[in-house]
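*Asks:* model this:
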Amino acid sequence: MGERAESRSGEVGETNKDVQEIKAAGEAYAPATLRRLREASSSNDVEPEPGRRGGGLRLEGRGFEDIIFSHWGPNPNKKPAERSPLADDAAKHCAELAAKLPGERLVIPAGAVRHRTWDTDFPFRTGTAFAHMTGLGRDLEADAALVIDPTVNADGTVGHHAAIFLEPAIDRTNPRFFSDSKHGEFWVGPRPLPADFHVMTGLDIRDMTEFENALRQGAGPDGIRIRVLRGYDPRIDALVDRVREETGLGDAAANRGLDAVLEQSSDECRIIKTPREINEIKRAVAATERGFDRVADVLPIARKVKRGERLLEATFTHSCRYEGNGIAFGTNAASGPRATILDYHANDHALKDGDLFLLDAGVELDSLYAADITRTMPVNGRFTEPQREIYQAVLDASNAAIAAANKPGAVYHDMLAAALESTARSLAKLGILPVSVEEALRPDGHQHYRWLYHGTGHHLGIDVHDAYRSRNELYADAPLRPGMVFTLEPGLYFDAADELVPERYRGIGVRIEDDLLVGEDGVTRLLSTFARTPDEVEAWLAAHRPEDYLASFLEHEAECA
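*Replies:* I've put the predicted structure just below:
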């Protein structure tokens, strides 16, 4: 890669005139260019060679067919279905969404498997709204859809009925169990059958072959309007578009606003968490903290290898896969000047003694509820004086935001304002802010944004950036209410080439992120509390050793027993 290609004009017989004509044409194709390209492509194959196959077995032969269908006992790997612990909450979420958009048919896809290469797919993760409205998680429901249908009750009020349409798993009663690599039990193992999904959710379960007819039923300008949560499953999006157009409800463009309102409404259903949801988030926070502990265990080894950032990323990922479904988002494992890059994900550099290491990471549980924590730590276990000064400035901003959240009548955005004001004052104290604090805090000022250029928090739940499409009056400008869960993540980032920053601070990036809950008493409290002050970070690192790594898993198992 990177070697300059040589021109080989003589191989296809072009003249100097042709070459000049090609160059002069720029982006347009000259007639001579088109003639040559057409000539060059004239003998290309237009059909693949028949009969070719990869290295797999050819499943054929009478003997194979005679033996494959019989002599199967009960599958010992299939576990009895159990009702989801979140099924009751999910039913309430469904009712809330139906009440926001009464009288309409709402289609919530679970999502489609994304193709990676040849016969390999990316890991499937159930769509957020689908998980929220069904209580299901993990990877069991690809290609499914939840349909919330409008109904009219006996008293004339408008209600709803919810059903899941899915591609049934193929067990050993169906000949395709060995030939369908997407749904067959031989390939994907025992999966829940329709009856199992009914037990897990309490909802009606219908075959996906009935989906189109269900969409059409009663749909039209004088009947039921259809909305779909777009972007999760292209096939469902296309089918809904076609059904709407054929039933007189307009094309995709005519319905774009309706679908966006459905997305907004489903997000707004996630602003306030139920006690069960809060418990899941607390579990995710605890699992994430254990992941950070394991990173601290391995840090002395990571200091000695070429790609220490990658080793620490892998350590956290391992912890997440062990305790949950996986990582909740792409881990940011940045050391030295890379900690000043907000979305650094290469994570492939060596750790340098004297640098800081920033880890922004979180676990996603099997229920899909997540945590999101950031800690910035000295690679060698001890902060330098400049590092400690910057760290303390970020911690001051975090504490100022928490204090603002607990003032009477506080709204969500007050935390951002408090964190930014604290940051401006710290930058002035450090001799970095080029104007007065008062000027920086004016609406036409904001000079301090140069070093803190992102929002300082977001709601947290099934999505790490949960409820993101909600209206401002329910999110940024909303009074803080019991059941809200969100992150708080101020930071300071001094690029190594930033000439406005004293040299002693250049290349330092610090972020501290915690997860918070507004309790039933209205008090906003930290859910993540470990190693927040510089002294606590140093003591935390000193308490961890590589030999503690494996023991931590056994300790966790003992606690869960």
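
*Asks:* surely A302 and A314 touch.
*Replies:* No - look at A302 against A314 with C-beta atoms under 8 Å: they stay out of range, at 9.7 Å. Quick note: C-beta positions are derived from backbone N, CA and C, even for glycine.

*Asks:* give me the three-state assignment for the nearest residue to I272 once chain neighbours are set aside.
*Replies:* Leaving out its chain neighbours, the residue that sits closest to I272 by C-beta to C-beta, 6 or more residues apart in numbering is G483, at 4.0 Å. Here G483 takes the coil state, with states given by DSSP: H, G, I helix; E, B strand; the rest coil.

*Asks:* ok, back up a step: quick one: which of A302 and A314 has more around it?
*Replies:* Neighbour totals were compared for A302 and A314, and A302 leads with 24 against 17 (other C-beta atoms under 10 Å).

*Asks:* V379 versus that one, what's the distance?
*Replies:* When C-beta to C-beta, to the nearest Å is the yardstick, A302 and V379 sit 8 Å from each other.

*Asks:* how much space is there between the spatially closest residue to P194 that is not a sequence neighbour and Q217?
*Replies:* Once flanking residues are discounted, P194 sits nearest to I205: 4.3 Å by C-beta to C-beta, 6+ apart. With distances defined as C-beta to C-beta, the gap from I205 to Q217 amounts to 18 Å.

*Asks:* looking at the two, which one has more neighbours?
*Replies:* When I205 and Q217 are compared on other C-beta under 10 Å, the one with more neighbours turns out to be I205, at 20 against 12.

*Asks:* quick one on the thing from earlier: surely the residue nearest to I272 touches I281?
*Replies:* No - distance between G483 and I281: 10.8 Å, which falls outside the contact criterion (C-beta under 8 Å).

*Asks:* mutual contacts of those two, please.
*Replies:* With C-beta atoms under 8 Å, 6 or more residues apart in numbering applied, the overlap between the contact sets of G483 and I281 consists of K273.

*Asks:* which one of those two has more residues nearby?
*Replies:* For G483 and I281, the more surrounded residue by other C-beta under 10 Å is I281, and the numbers stand at 23 against 15.

*Asks:* list the buried residues in the strand or helix carrying that one.
*Replies:* Under the criterion DSSP states H and E, the helix or strand holding I281 is helix 275-302. If you call a residue buried by 16 or more other C-beta atoms under 10 Å, then helix 275-302 has these buried ones: 276-278, 280-299, 302.

*Asks:* swap in stretch 406-420?
*Replies:* By 16+ other C-beta under 10 Å, the buried positions in stretch 406-420 come out as 410-416, 418-420.

*Asks:* what's the end-to-end length of it?
*Replies:* 17 Å (C-alpha to C-alpha, to the nearest Å).

*Asks:* ok, and what's touching it?
*Replies:* When contacts are defined by C-beta under 8 Å, 6+ apart, stretch 406-420 is touched by residues 397-398, 400-405, 441, 448-449, 452, 455-457, 475-480, 484, 486, 488, 490, 523-524.

*Asks:* go again using 7 Å as the cut-off
*Replies:* Contacts of stretch 406-420 from elsewhere in the structure, counted by C-beta atoms under 7 Å, 6 or more residues apart in numbering, are 397-398, 400-401, 403-405, 448, 452, 455-457, 475-480, 488, 490, 523-524.

*Asks:* what of stretch 189-207?
*Replies:* Residues from elsewhere that reach stretch 189-207 (C-beta under 7 Å, 6+ apart): 75, 77-78, 81-84, 87, 91, 134-136, 140, 162-166, 168-169, 171.

*Asks:* go again using 8 Å as the cut-off
*Replies:* Applying C-beta under 8 Å, 6+ apart, the set of residues contacting stretch 189-207 from outside is 75, 77-78, 81-84, 87, 90-91, 134-136, 140, 146, 161-166, 168-169, 171, 183, 185, 214.

*Asks:* and N279, how far from L527?
*Replies:* When C-beta to C-beta is the yardstick, N279 and L527 sit 11 Å from each other.

*Asks:* secondary structure class for L554?
*Replies:* What three-state DSSP gives for L554 is helix.

*Asks:* dump the residue contacts of E364.
*Replies:* 284, 320, 324-328, 370.

*Asks:* in the sheet, who's paired with M377?
*Replies:* F357 (DSSP bridges).

*Asks:* that older thread, quickly list what's touching both of A302 and V379.
*Replies:* Between them, A302 and V379 share these contacting residues under C-beta under 8 Å, 6+ apart: L351.

*Asks:* find me the pLDDT at the closest residue to I341 other than its chain neighbours, would you?
*Replies:* Distance criterion C-beta to C-beta, 6+ apart; nearest residue to I341, sequence neighbours excluded, is A334 at 6.5 Å. For A334, the pLDDT comes out at 98.

*Asks:* same check, this time on the one 4 residues further on
*Replies:* Predicted confidence (pLDDT) for R338: 98.

*Asks:* try K17
*Replies:* Model confidence at K17, given as pLDDT, is 55.

*Asks:* next one: S179
*Replies:* At S179 the predicted local distance difference test score is 75.

*Asks:* now do the helix or strand where the residue nearest to I341 lies: distance to the chain's middle.
*Replies:* Per DSSP H and E: A334 is located in strand 332-335. Strand 332-335 has its average C-alpha position 18 Å from the chain's average C-alpha position, going by C-alpha atoms, centre = their mean, to the nearest Å.

*Asks:* got a list of what the nearest residue to I271 once chain neighbours are set aside touches?
*Replies:* Closest residue to I271 apart from its sequence neighbours, by C-beta to C-beta, 6+ apart: A467 at 5.1 Å. Remark: with contacts taken as C-beta under 8 Å, 6+ apart, A467 is in contact with 267-268, 270-271, 459, 461, 474-475.

*Asks:* if we go to 7 Å?
*Replies:* When the contact criterion is C-beta under 7 Å, 6+ apart, the partners of A467 are 267-268, 270-271, 459, 475.

*Asks:* swap in D297?
*Replies:* For D297, the contacting residues are 544-546, 548-549, 552, by C-beta under 7 Å, 6+ apart.

*Asks:* out of the residues you listed, which are buried?
*Replies:* Of the members of these, the ones counted as buried by neighbours, 16+ other C-beta under 10 Å, are 544, 549, 552.

*Asks:* thought the first one was touching R294?
*Replies:* No - taking contact to mean C-beta atoms under 7 Å, the distance of 8.5 Å between H544 and R294 leaves them out of contact.

*Asks:* right, I'll leave it there.
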